[in-house]
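Q: no sequence on hand, only this structure:
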Ligand code: F6P
Ligand code: MN
């Protein structure tokens, strides 16, 4: 018999003392993901494609589906009664829980729809989430409460809206995947003990930024591109989906390394991806799958955030590759 998400959470409660409040939060997140998945699949039929005509705090154009997904996430999380604050890529300030709903002992940060440039072209996109303990449980959260290193996360995951809708989840005891059964609307456990091979022969990076990269990343990628006759002595394949969820998902399935390094264009931007709701949850997942994650100098999970929407350089995936690119940053 297949194990459903709710059965899995019940098992975690009894075997590993998973807090039932945290289980409730994950259930609420999974409900949000189901609803978003439904909207994504309707696309133009539901009139959800195209621009919303607004910008997010990072100055990026918001798509209609970015806003719709954010509203779905906020609504589901607020009703869980499990959090006392939320940070979303789509909202500049920390969001509190409206008075009519109970507050709980957790903080959640999320990217409600990752890979926005893929929305209108029907290519994989996803939602990413990170759960931390509240510093002052049940008190309305402020920015400072969220400035904890990713090591403090008690749960992290993503949902990918691809040919199948798949939920990836970790509580710090390995990584599991669920697949949404469209006929029953239930997430079913389809893979346990997900592992990333330490060695890799595939990489993902946006090479159009090559001229802006710093020397260690340029050296690393040059050596991969040199292939069999270069210093690495083997050929490497390349992929770029332009949705972090899809790149991480591919690495969890068949290995590799993903890089979005900092570059020299804008000193105020130390990378493109956001620490709280992109880099941290994906790094917790990678480490729990036996992989690694760094900004080139420090493991992502050890970085103490200074701002809720802080950006960071990210290099994650196969441990040997992450170690090598880290060593080039020390050279
Ligand atoms: O959220 C930012 C993001 O969309 C990631 O999902 C993805 O990895 C990256 O940006 C794509 O960047 P680019 O536009 O450089 O391809
Ligand atoms: Mn994103």
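A: Cool, got the structure. The model shown is predicted, which means the values in this text are computed figures rather than measured ones. Numbers count the residues shown, from 1 in each chain. Ligands and ions are numbered 1, 2, ... in the order given.

Q: quick check: residue 287 vs residue 131, distance?
A: From residue 287 across to residue 131, the span is 16 Å (CB to CB, to the nearest Å). In short, each C-beta sits where N, CA and C put it, glycine included.

Q: quick one: the strands in the stretch 1-150 of the chain?
A: In the stretch 1-150 of the chain, the strands defined using DSSP state E, counting those that start in this stretch lie at 51-55, 61-63, 83-88, 106-114, 125-133.

Q: mean neighbour count, these: which tops it?
A: The highest mean neighbour count among the strands of the stretch 1-150 of the chain, using mean count of other CB atoms under 10 Å, belongs to strand 106-114: a mean of 28.

Q: I'd like the strands of the stretch 1-150 of the chain as JSON lines, with distance to ligand 1 appended.
A: Shown next, in JSON lines, are the strands of the stretch 1-150 of the chain (distance: least, CB to the nearest ligand atom, whole Å):
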{"stretch": "strand 51-55", "distance to ligand 1": "14"}
{"stretch": "strand 61-63", "distance to ligand 1": "11"}
{"stretch": "strand 83-88", "distance to ligand 1": "13"}
{"stretch": "strand 106-114", "distance to ligand 1": "5"}
{"stretch": "strand 125-133", "distance to ligand 1": "8"}
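
Q: how about CSV for those strands, with distance to residue 30 and mean pLDDT added?
A: Converted to CSV, the strands of the stretch 1-150 of the chain look like this (distance: least, CB to CB, whole Å; pLDDT from 0 to 100):
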stretch, distance to residue 30, mean pLDDT
strand 51-55, 25, 88
strand 61-63, 23, 87
strand 83-88, 15, 97
strand 106-114, 13, 98
strand 125-133, 10, 98
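
Q: please identify the buried residues of the helix ranked longest in the chain?
A: If you go by DSSP state H, the chain has its longest helix at helix 20-42. Using 16 or more other CB atoms under 10 Å as the burial criterion, the residues of helix 20-42 that qualify are 22-40.

Q: so where do the helices sit in the protein?
A: Per DSSP H, the chain carries helices over the ranges 5-16, 20-42, 64-80, 143-146, 215-226, 244-254, 280-288, 319-330.
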